[in-house]
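*Asks:* Next come a sequence and a model predicted from it.
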Amino acid sequence: MRSAIDSEALIADNEQLRAELQDLLQQAHINQSIIERHQAFDLKLIGASEFRELIEVMLTVMPGVFSLETVTLSLIDGDYAIQRILRDLQIGINEFPKLLFLKQALAFPDDDLTRADEKPRLGPYVAALHGPLFPHYEPVSVAVLPLVRQHRLLGYLALGSAYGERFTRSLATDFIERLATIAAVCLENVINNERLKHIGLTDPLTGVNNRRYIEQRMQEEVARSQRDRSALSCLFIDIDHFKRVNDQFGHQSGDDVLREVAARIKKELRLSDALGRFGGEEFVVLLTHATREDAARIAERIRAGVCSRGVMIEGSRDPLKITASIGAAALTPPDRSRPAAEVKQAMLKAADQALYQAKEAGRNRVMLAAGD
């Protein structure tokens, strides 16, 4: 009798062990699946070589991989340098509503998130603390990951969940710290890549776009205008008697004049417009969604702005009076039957011819090309 009871107990114990083993195997499979999913996500992060691609992975792919309600990325950009680069590279900030920009590091009580050794902060959502990181959605619990590279805080990757137990202060942060490190390295890499692109498309003297950029952008805008049947205009601007400045005051003074004129032109433009130094003392302005009348009005405003006050240069007691001649051409809308590259060249040529007419007519004036 005793032997039978022992056998039944052993069988019951064996079945319980089998059930526990099955649970462990099932959990191991789940854990393996999670690890593989996370590794695949890490590879996507590391493989992103462009800013737009990385932001897409962080803000669109990450919530699905980690079962989160929201993920935001906040970059510290107090001098607007990153935003200017993105704008010049035609990366629309409005494309990414969860991409945020902060002027400075956030102030957390009793914390200093600018320290390179700072750990991620996990816990319940507090509007006063986390509101700037979650402007469109209020999660229940959050994980704020400071993105630090070489003792410099780049920004914050903020994870938000609708479940209070998802992120708690007692939760182990090893995995989240690893994620923050990978994200920071990838972010620094793509920002540096975009900076290099920007340098390659920027005139080093004036800080505006160079000829390569403006011609490339103009062809893209011509193609877009052909599709949308929208107006497009360009201005050819030349500083009057610029050679005299170089001859009389030297090339350093000439450089000062170029920088000042570029700044005055840029002041009169919209964010959607583009300014490029075409060579020497010549600038080209691309005006999107601008008719011939719009181009004439903006060109006159630029002309008046350039000559509104003198430019102080070394070697001159009084401000040097500077004027500019401008030629304008418009496409309303561009001819669809011709290649965009050909239409671009025709528009540039028309604006250049109008500029020549402005020079011939006495300088310091705006001339419009004869027709669209």
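*Replies:* Yep, it's here. Numbers count the residues shown, from 1 in each chain.

*Asks:* OK, contacts around residue 310?
*Replies:* Listed by CB atoms under 8 Å, 6 or more residues apart in numbering, the contact set of residue 310 reads 318-322. Just so you know, the C-beta spots here come from the backbone N, C-alpha and C atoms, and that holds for glycine as well.

*Asks:* Out of these, which one has the lowest pLDDT?
*Replies:* Minimum pLDDT across the contacts of residue 310 is recorded for residue 318, with 82.

*Asks:* excluding its backbone neighbours, what's nearest that residue?
*Replies:* residue 310 (6.9 Å; CB to CB, 6 or more residues apart in numbering).

*Asks:* List phi and psi for that neighbour.
*Replies:* phi -70, psi 170 (degrees, to the nearest 10).

*Asks:* what about it, distance to residue 319?
*Replies:* Separation of residue 310 from residue 319 (CB to CB, to the nearest Å) stands at 2 Å.

*Asks:* Just the CA atoms of the helix or strand that contains residue 227, as PDB, please.
*Replies:* If you go by DSSP states H and E, residue 227 is part of helix 211-228. Output of helix 211-228 as PDB, limited to C-alpha atoms (Å, rounded to 0.1, in the frame of the first residue of the first chain):
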ATOM      1  CA  ARG A 211      26.200  76.900 -56.500                       C
ATOM      2  CA  ARG A 212      26.000  73.100 -56.400                       C
ATOM      3  CA  TYR A 213      23.200  73.200 -53.900                       C
ATOM      4  CA  ILE A 214      21.100  75.900 -55.500                       C
ATOM      5  CA  GLU A 215      21.300  74.300 -59.000                       C
ATOM      6  CA  GLN A 216      20.300  70.900 -57.500                       C
ATOM      7  CA  ARG A 217      17.500  72.500 -55.400                       C
ATOM      8  CA  MET A 218      16.200  74.500 -58.400                       C
ATOM      9  CA  GLN A 219      16.000  71.400 -60.600                       C
ATOM     10  CA  GLU A 220      14.000  69.600 -57.800                       C
ATOM     11  CA  GLU A 221      11.700  72.600 -57.400                       C
ATOM     12  CA  VAL A 222      11.100  72.800 -61.200                       C
ATOM     13  CA  ALA A 223      10.100  69.200 -61.300                       C
ATOM     14  CA  ARG A 224       7.800  69.700 -58.300                       C
ATOM     15  CA  SER A 225       6.200  72.800 -59.900                       C
ATOM     16  CA  GLN A 226       5.700  70.800 -63.100                       C
ATOM     17  CA  ARG A 227       3.800  68.200 -61.200                       C
ATOM     18  CA  ASP A 228       1.800  70.600 -59.000                       C
END
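
*Asks:* buried residues in that helix?
*Replies:* For helix 211-228, a neighbour-count test (16 or more other CB atoms under 10 Å) marks 213-219, 221-223, 225-226 as buried.

*Asks:* In TSV: those residues, plus distance to residue 302 and pLDDT.
*Replies:* TSV is the format used below for the buried residues of helix 211-228 (distance: CB to CB, whole Å; pLDDT from 0 to 100):
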residue	distance to residue 302	pLDDT
213	19	90
214	16	93
215	20	92
216	22	90
217	18	91
218	18	93
219	23	92
221	19	92
222	22	93
223	26	92
225	21	91
226	26	91
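
*Asks:* just those residues now: which is nearest residue 161?
*Replies:* Of all these, residue 217 has the smallest distance to residue 161: 41.8 Å, by CB to CB.

*Asks:* was I right about the closest one contacting residue 286?
*Replies:* Yes. At 6.2 Å, residue 217 counts as touching residue 286 under the criterion of CB atoms under 8 Å.

*Asks:* what residues do those two have in common as contacts?
*Replies:* Joint contacts of residue 217 and residue 286 (CB under 8 Å, 6+ apart) are 274, 276.

*Asks:* in this structure, which spans are helices?
*Replies:* Along the chain, counting by DSSP state H, helices occupy 2-47, 51-56, 62-65, 81-88, 127-130, 174-200, 211-228, 242-249, 251-267, 292-306, 340-360.

*Asks:* With distance to residue 334 as new columns, can these be given to me in JSON lines?
*Replies:* Converted to JSON lines, the helices of the chain look like this (distance: least, CB to CB, whole Å):
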{"stretch": "helix 2-47", "distance to residue 334": "38"}
{"stretch": "helix 51-56", "distance to residue 334": "27"}
{"stretch": "helix 62-65", "distance to residue 334": "41"}
{"stretch": "helix 81-88", "distance to residue 334": "23"}
{"stretch": "helix 127-130", "distance to residue 334": "48"}
{"stretch": "helix 174-200", "distance to residue 334": "27"}
{"stretch": "helix 211-228", "distance to residue 334": "5"}
{"stretch": "helix 242-249", "distance to residue 334": "32"}
{"stretch": "helix 251-267", "distance to residue 334": "24"}
{"stretch": "helix 292-306", "distance to residue 334": "13"}
{"stretch": "helix 340-360", "distance to residue 334": "5"}
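
*Asks:* out of those, which comes closest to residue 274?
*Replies:* Checking the helices of the chain against residue 274 by CB to CB gives helix 211-228 as the closest, at 5.1 Å.

*Asks:* which strands and helices sit next to that closest one?
*Replies:* Secondary-structure packing of helix 211-228 (3 or more CB pairs under 8 Å, 6 or more residues apart in numbering; DSSP states H and E): strand 232-239, strand 274-279, strand 282-288, helix 340-360.

*Asks:* Report the mean per-residue pLDDT for the first one.
*Replies:* When you say that, I think you mean strand 232-239. 96.
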